[in-house]
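Participant: Quick check, what structure comes out for this input:
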Amino acid sequence: MITIRRAQDRGHANHGWLNTHHTFAFADYYDPAQMGFRSLRVINEDIVAPGQGFGMHGHKDMEIVTYVLEGKLQHKDSMGNGEVLRPGEFQHMSAGTGIRHSEFNPSDAEPVHLYQIWLLPEKSGLQPSYSQKAFAAEGRQDRWQIVASKDARDGSLRINQDAAIQLANLSAGSNLASELALGRHAWLQVLRGTVTLNGQLLRTSDGAAISEESSLILAADEPAEVMLFDLA
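Facilitator: Residues are numbered from 1 along each chain as shown. Below you'll find the predicted structure:
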């Protein structure tokens, strides 16, 4: 079963400095039918204006992952980390018992376009942690590249949930298959481009909840970038 979440049906807010779309209920956007999928709780697509950002704020008991499509994002947190996230890099922060952080667009000319994703942790009260890693683009060209997993396999970042996150860049005319183990679920997010998933058309910023499917077949008629979540 594949349930499509169209980009235009998401929650939306434009604050001037921030143009944001919410796949699931978040902040002032509330929809009891869109409270998350499995351990996925938040998928926000944000565009932050030059020189703007999120001031220092707190989180607790959440696995937070961030992926930048265009531009740069400057991160600072209460653990003393201060990093700049660039396209091709993946960031994970386990809020655990509590953490404060800020996210800022350091450019005075270019916006930053990013996805921020929250997953519920496997248990509460974990020790807060931060990690960031660059993943080579050639490692996801017309194939899956794992960027986060519970067991940190194949050099991926470790997350505190029975989930795995993969990226793929598809060239025009390519096909990519993925097997879904019995009892597992998946979410596909189209970051850029147009693809078909098991014959169903998905465009930029569309998502799809997937259950009771043993295999996934992606086909791209044009260059595309996708993110796939394997979920318990």
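
Participant: pLDDT on stretch 225-232, on average?
Facilitator: The pLDDT scores in stretch 225-232 average 98.

Participant: what's the worst-scoring helix or strand of the chain on mean pLDDT in contact with?
Facilitator: None of the helices or strands of the chain scores lower by mean pLDDT, DSSP states H and E than strand 53-59, at a mean of 84. Here strand 53-59 makes contact (C-beta atoms under 8 Å, 6 or more residues apart in numbering) with 17, 48, 73-74, 76, 93, 95, 98-105. To be clear about C-beta, it is placed using only N, CA and C from the backbone, and glycine gets the same treatment.

Participant: partners of it in the sheet?
Facilitator: Strand pairing for strand 53-59, determined by DSSP bridges: strand 99-104 (antiparallel).

Participant: of the contacts of strand 53-59, buried ones?
Facilitator: Buried by 16 or more other C-beta atoms under 10 Å: 48, 73, 74, 76, 93, 95, 99, 101, 103, 104, 105, out of these.

Participant: got a list of what the third one touches?
Facilitator: To tie it back to what came earlier, the one meant is residue 74. So residue 74 contacts 53, 82, 83, 84, 85, 103, 104, 105, 106 (C-beta under 8 Å, 6+ apart).

Participant: Surely residue 227 and residue 192 touch.
Facilitator: No: if you go by C-beta atoms under 8 Å, residue 227 and residue 192 don't touch, sitting 10.4 Å apart.

Participant: And these two? Which one has more around it.
Facilitator: More neighbours surround residue 227 than the other of residue 227 and residue 192, with 21 against 18 (other C-beta atoms under 10 Å).

Participant: Skipping adjacent residues, who's closest to that one in space?
Facilitator: residue 189 (4.6 Å; C-beta to C-beta, 6 or more residues apart in numbering).

Participant: what's around the one you found, how many residues?
Facilitator: Look at residue 189: counted by other C-beta under 10 Å, it has 23 neighbours.

Participant: same deal with residue 206?
Facilitator: By other C-beta under 10 Å, neighbour count at residue 206 equals 22.

Participant: Would you agree it is in contact with residue 8?
Facilitator: No: taking contacts as C-beta under 8 Å, residue 206 lies outside contact range of residue 8: 9.1 Å.

Participant: Can you pull the residues that touch both of these two?
Facilitator: Common neighbours of residue 206 and residue 8 (C-beta under 8 Å, 6+ apart) do not exist.

Participant: Residue 171 reaches residue 222, doesn't it?
Facilitator: No: counting by C-beta under 8 Å, residue 171 stays clear of residue 222, with 9.1 Å between them.

Participant: shaky segments in the protein?
Facilitator: Scanning the chain for pLDDT under 70 picks out nothing.

Participant: and of the buried ones among the contacts of strand 53-59, the nearest to residue 180?
Facilitator: Taking C-beta to C-beta as the measure, residue 180 lies nearest residue 93 of the buried ones among the contacts of strand 53-59, at 27.5 Å.

Participant: secondary structure element for the closest one?
Facilitator: Using DSSP states H and E, residue 93 maps to strand 89-94.

Participant: still on that earlier bit, what residues of the least confident helix or strand of the chain count as buried?
Facilitator: Within strand 53-59, the residues scored as buried using 16+ other C-beta under 10 Å are 53, 54, 59.

Participant: Same check on stretch 176-183?
Facilitator: Using 16+ other C-beta under 10 Å as the burial criterion, the residues of stretch 176-183 that qualify are 176, 178, 180.

Participant: Tell me the one of these nearest residue 202?
Facilitator: Closest approach to residue 202 among the buried residues of stretch 176-183 (C-beta to C-beta): residue 176, at 13.2 Å.
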